[in-house]
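Colleague: sequence first, predicted coordinates after that:
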Amino acid sequence: GAGVSQSPSNKVTEKGKDVELRCDPISGHTALYWYRQSLGQGLEFLIYFQGNSAPDKSGLPSDRFSAERTGGSVSTLTIQRTQQEDSAVYLCASSLNGQGYGYTFGSGTRLTVV
Amino acid sequence: QKEVEQDPGPLSVPEGAIVSLNCTYSNSAFQYFMWYRQYSRKGPELLMYTYSSGNKEDGRFTAQVDKSSKYISLFIRDSQPSDSATYLCAMSATYANTGKLIFGQGTTLQVKP
């Protein structure tokens, strides 16, 4: 597609439930990133994919968080047993060949855990 | 201490003013410096990109990097109400490696007509 697409745009879930967030990157972009933006905070790196591999998972906050990418395209970020502190905007970005200055971000998924 | 520090503001200026936005950082390995603009409920979009030290100008926007002081700036001349947004600085220590960016907290700017 023309841009990075994320779904859903908004998600309200009950504490303890699992959620899946989806990212559809720009066609041909081999690198994909997930970031988290909490209220009034900058972007916090979560995970980086090059193709279907994740060479850098260092930002995942706990083992409740996992992500996968299939076919070198769509990525899913899964949060298990959600907690209130997981409430944030989850942003996905893609870039050609992992060049940091070439990011294109999606509009994000706003997750609220009640 | 965070690797990148940015004054969150908010910063309110009248239309036509010159705006100065700044970030400091602690990691001397950073070589790539970016400014992103983020409108409400949208993803960040790249505004300016600079490699190493020096200045870069694009229309009303000028980015400056001073690696000796670990300090970067974004200047906006003749500010417009449409410039009202959150501005995030971002930095990277590598090229074509992971491309992972470290972001500042973001500065919220309001330009009043």
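Modeller: Right, received. Where do you want to start? Just so you know, these numbers come straight off a predicted model, no measurement behind them.
Colleague: drop to CA atoms for contacts and neighbour counts, all remaining ones
Modeller: Fine.
Colleague: quick check: buried residues in the lowest-mean-pLDDT helix or strand in chain A?
Modeller: Sorting the helices and strands of chain A by mean pLDDT, DSSP states H and E puts strand A:53-56 at the bottom, at a mean of 91. Buried residues in strand A:53-56, defined by neighbour count with 16 or more other CA atoms under 10 Å in any protein chain shown: A:54, A:56.
Colleague: and the residue positioned nearest the centre of chain A, what element?
Modeller: A centroid search over chain A (CA atoms, centre = their mean) returns residue A:34, at 3.4 Å, as the residue closest to the centre. Element membership for residue A:34 (DSSP states H and E) is strand A:31-37.
Colleague: helices or strands up against that strand?
Modeller: Judged by 3 or more CA pairs under 8 Å, 6 or more residues apart in numbering or on different chains; DSSP states H and E, strand A:31-37 is in contact with strand A:43-50, strand A:88-95.
Colleague: and the first one, which strands flank it?
Modeller: With DSSP bridges as the test, strand A:43-50 is paired with strand A:31-37 (antiparallel), strand A:53-56 (antiparallel).
Colleague: relative to residue A:14, which of those strands is closest?
Modeller: Nearest of these to residue A:14, taken as CA to CA: strand A:31-37 at 19.1 Å.
Colleague: so which residues make contact with the closest one?
Modeller: A:25, A:43-51, A:88-98 (CA atoms under 8 Å, 6 or more residues apart in numbering or on different chains).
Colleague: how about 7 Å then?
Modeller: Contact with strand A:31-37 is made by A:43-51, A:88-98, as judged by CA atoms under 7 Å, 6 or more residues apart in numbering or on different chains.
Colleague: what's the angle between it and strand A:88-95?
Modeller: Between strand A:31-37 and strand A:88-95, the angle comes out at 160 degrees (axes from the mean of the first three to the mean of the last three CA atoms, to 10 degrees).
Colleague: quick one: buried residues of strand A:31-37?
Modeller: A:31, A:32, A:33, A:34, A:35, A:36, A:37.
Colleague: one more: stretch B:9-20?
Modeller: Buried, per 16+ other CA under 10 Å, within stretch B:9-20: B:11, B:13, B:15, B:19.
Colleague: contact residues of chain A facing chain B?
Modeller: Taking CA under 7 Å from any CA of the partner chain as the contact definition, chain A meets chain B at A:41-43, A:97-101, A:104-108.
Colleague: switch to 6 Å and redo it
Modeller: A:41, A:42, A:43, A:98, A:99, A:100, A:105, A:106, A:107 (CA under 6 Å from any CA of the partner chain).
Colleague: what's the nearest residue to the second one if we skip its chain neighbours?
Modeller: So that's residue A:42. residue B:105 (3.7 Å; CA to CA, 6 or more residues apart in numbering or on different chains).
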